[in-house]
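In: take a look and give me a structure for this.
(chains A and B)
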Amino acid sequence: MAKKRVCRFLGEFFEIPREVALGLPRIVLRGCEQLTVENYEGVRVYTPEKLIVETAVGEIEITGKDFILRSLRQEEVVLEGKISALKFWFGYKEYNAF
Amino acid sequence: MLSKILAFWQGYVILFVWGGNPEEFFSLAVKEGVFFWDLRRFPEGLTVKVPALFLKKLRGIARASGCRFQIQEKQGLPFLCFYLRKRRLFGAGALFFCAFLYLASSLLWFVEVEAVGNACFISPKEILTVAAEKGLKRGVLKAGFDPATVTSALLAAFPSLAWVGIEVRGTKAKIKFTEQLLPPPKANGENPANIVATKDGVIEEILVFTGEARVKVGDTVQEGEVLISGEIQPQGTEGVPGQEKPSPLYVRAQGIVKARVWYEGEGEATFLIEEKEPTGRVAKAFLLFKGGKEFCLWGSCVSPYPVFQEERKVLFTPRGIFKETVSLFKITYTELEKKERFLTFEEAYQKAVAVASELLPPLPAGARVLTQREEVLTRDHRGIRVRVLWEVLEEIGVSFPLPLEKKSKGEYNKVTKVKRGFLNSIGRYL
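Out: This is a model prediction of the structure:
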């Protein structure tokens, strides 16, 4: 806890982006067609209608249709398809960063 | 795009993954540094693209996650090389083809000459000959000749050239050139000349720049008559005793002489005319024209209809390949039907006027039609005959060198259609 607070303080002090300072996932949504999640930990579920990505702050659930994982690598996951909803499940992990 | 090029360079496989827990399989693999792309899920399993060098790693991961995978396709340069190693001749052929294409596209296949602007007095063949001597000819490498050398050689060979440019586009080189505008023949004094009439007419306007006017406004002149003389008689010294008659001064007469000139044309039209109308039936044929002979490729090259209209359209003419002219034609025969029709007096009159007007010679540049008259000459139950008379104001003077030899009429202007003695017959219009 104390470590996180120090990281947060130093991050704000030196104006370091939060995803770097705190290891938060960086989510980029281009229209409703493409979604990029950086700083993720793993893919929990992948079907053509649903993708659940595990991150440091919890799980992110993306729903829609015709999903294709355009890229799956250690640093990012790129999803393409028709995205209709984005949900955050923060209860999954104990998280006190905010 | 870059990642795709890299993937092609490294070689990749399309895997089909099924059974077990695929999510775990991918998560474990990603943690091991493997990366995937184009992952699609189907009811039976998943397809994914992965670099070929990770295949060994994936075997262990699949065993751990309970998944199975199968290689569906192998793509990329390493696999292509492997394939070509097995089919050496095919590879050599492909390589040869690429090399041939490159070589063929780096040669000049066509050399054309185009005159820009002024009238062309230099023949394109002469230009091509000189250009060929300097290395610009069919079959040479595009880089094998120096445009500056060819240009300067052409300018040296033809002093009348004002500008030469060489444009190479694809396999075609175009030599463009412009000739110098040469000054007109020497004026005053050098070539003494009269201005003579090219046509019969009545002088309407006369403006003398050089020379002596021999006619005045309102005079009736005939073809060949001197309008402005280049021979100027000295004045004021005639008849003075003791002095020799001074010789006349010869100049090149210059000036503008405008006259009223009459053009006449007669035309006929019958009241009963035969018209051809399309029936709607059309036949088509394809024809190959080669070396003056025609070969029918498809359809009948003889019209299936007794009365028809034939339309030929060139589909394809390869240039520079064959020595003879080769063309592919598409022929369309439109069936026509003859129909008889009676024209009204007005229609027949207009038609006769149009026929008569067509018979009139083309008016020279700058000519202005003053009046236009039409009159019915004869009319009966069969048709109508109409005369069209145009009164035109135009320049009739033309320079004719001195000494003016006696020339027969018609040599001054061979295209004139004005009838001899016509002026007398139109006295009532004057």
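In: the nearest residue to B:V307 once chain neighbours are set aside in helix, strand or coil?
Out: Once flanking residues are discounted, B:V307 sits nearest to B:L336: 4.6 Å by Cβ to Cβ, 6 or more residues apart in numbering or on different chains. All C-beta atoms are positioned from the backbone trio N, CA, C, and that covers glycine. Look at B:L336: counting by DSSP: H, G, I helix; E, B strand; the rest coil, its state is strand.
In: now for the lengthiest helix in chain B, which elements pack on it?
Out: Counting residues, the longest helix found in chain B (DSSP state H) is helix B:88-105. Helix B:88-105 is packed against helix B:77-86, with contacts defined by 3 or more Cβ pairs under 8 Å, 6 or more residues apart in numbering or on different chains; DSSP states H and E.
In: and the angle for the helix it packs on with helix B:88-105?
Out: 110 degrees (axes from the mean of the first three to the mean of the last three Cα atoms, to 10 degrees).
In: now the residue sitting furthest away from the middle of chain A, what are its backbone angles?
Out: Within chain A, the residue lying farthest from the chain centre (Cα atoms, centre = their mean) is A:F13, at 24.2 Å. Dihedral pair for A:F13: phi -70, psi -50, per degrees, to the nearest 10.
In: on that earlier part again, so for the longest helix of chain B, what's the average pLDDT?
Out: Computed over helix B:88-105, the mean pLDDT rounds to 93.
In: report the buried residues of the helix or strand following that helix.
Out: Downstream of helix B:88-105, the first helix or strand assigned by DSSP states H and E is strand B:110-115. Along strand B:110-115, these residues count as buried under the neighbour rule (16 or more other Cβ atoms under 10 Å in any protein chain shown): B:V111, B:V113, B:A115.
In: same deal with stretch B:127-137?
Out: Result for stretch B:127-137 [16+ other Cβ under 10 Å]: buried residues B:I127, B:L128, B:V130, B:A131, B:K134, B:L136.
In: ok, the fifth one - contacts?
Out: In this case it means B:K134. Contact analysis of B:K134 by Cβ atoms under 8 Å, 6 or more residues apart in numbering or on different chains lists B:F145, B:D146, B:T149, B:V150, B:A153.
In: any idea of the pLDDT on the second one?
Out: pLDDT, B:D146: 86.
In: against chain A, how distant is it?
Out: Noted for B:D146: a distance of 52 Å to chain A, by Cβ to the nearest Cβ, to the nearest Å.
In: would you mind confirming that that residue is in contact with B:G135?
Out: Yes. Using Cβ atoms under 8 Å, B:D146 makes contact with B:G135 at a distance of 7.4 Å.
In: and the host helix or strand of B:W9, average pLDDT?
Out: Assigned by DSSP H and E, B:W9 falls within helix B:2-10. For helix B:2-10, mean pLDDT is 88.
In: what angle do it and helix B:77-86 make?
Out: Interaxial angle of helix B:2-10 relative to helix B:77-86 (the same axes, to 10 degrees): 40 degrees.
In: out of the buried residues of strand B:110-115, who's nearest chain A?
Out: B:V111 (52.1 Å; Cβ to the nearest Cβ).
In: check contacts around that closest one.
Out: B:L128, B:A131, B:L136, B:K137, B:R138, B:K172, B:A173, B:K174, B:I175.
In: now, which of those lie within strands?
Out: Members of the contacts of B:V111 lying in strands (criterion: DSSP state E): B:K172, B:A173, B:K174, B:I175.
In: going along the chain, name the helices of chain B.
Out: Counting by DSSP H, the helices of chain B are B:2-10, B:22-31, B:55-65, B:77-86, B:88-105, B:124-133, B:147-157, B:345-359, B:422-425.
In: out of the ones you listed, deepest packed?
Out: A comparison of the helices of chain B by mean neighbour count, using mean count of other Cβ atoms under 10 Å in any protein chain shown, puts helix B:22-31 on top with a mean of 20.
In: which other helices and strands does that helix contact?
Out: strand A:40-46, strand B:36-41, helix B:55-65.
In: after the first one, which helix or strand is next? Please name it.
Out: This means strand A:40-46. According to DSSP H and E, the helix or strand after strand A:40-46 is strand A:50-55.
In: okay, the angle between that next one and strand A:40-46?
Out: Using the same axes, to 10 degrees, strand A:50-55 lies at 160 degrees relative to strand A:40-46.
In: show me what counts as buried in strand A:50-55.
Out: Applying 16+ other Cβ under 10 Å to strand A:50-55 flags A:L51, A:I52, A:V53, A:E54, A:T55 as buried.
In: ok, those residues vs B:G211, which is closest?
Out: A:L51 (100.7 Å; Cβ to Cβ).
In: contacting residues for the nearest residue to the closest one once chain neighbours are set aside?
Out: With sequence-adjacent residues excluded and distances taken as Cβ to Cβ, 6+ apart, A:L51 is closest to A:I62, at 4.6 Å. A:I62 is in contact with A:L35, A:K50, A:L51, A:I52, A:V53, A:L79, A:I83, A:A85, A:L86, A:K87, counting by Cβ under 8 Å, 6+ apart.
In: which strand residues bridge A:I62?
Out: A:I62 has these beta-bridge partners by DSSP bridges: A:L51, A:L86.
In: what of B:A173?
Out: Counting by DSSP bridges, B:A173 is bridged to B:V111, B:V168.
In: for chain B, which residues are neighbours of chain A?
Out: Within reach of chain A by Cβ under 8 Å from any Cβ of the partner chain, chain B has these residues: B:22-23, B:26-27, B:30-31, B:33, B:35-41, B:46, B:48.
In: closest one of those residues to B:G397?
Out: B:D38 (86.1 Å).
In: separation between that closest one and A:T63?
Out: For B:D38, the distance to A:T63 (Cβ to Cβ, to the nearest Å) stands at 21 Å.
In: what are the buried residues along stretch B:194-208?
Out: Neighbour-count burial for stretch B:194-208, counted by 16+ other Cβ under 10 Å, picks out B:194-204, B:206, B:208.
In: got it, and stretch B:357-375?
Out: For stretch B:357-375, burial by neighbour count (16+ other Cβ under 10 Å) applies to B:S357, B:L360, B:A367, B:E374.
In: now the end-to-end length of it.
Out: Using Cα to Cα, to the nearest Å, the end-to-end distance of stretch B:357-375 comes to 13 Å.
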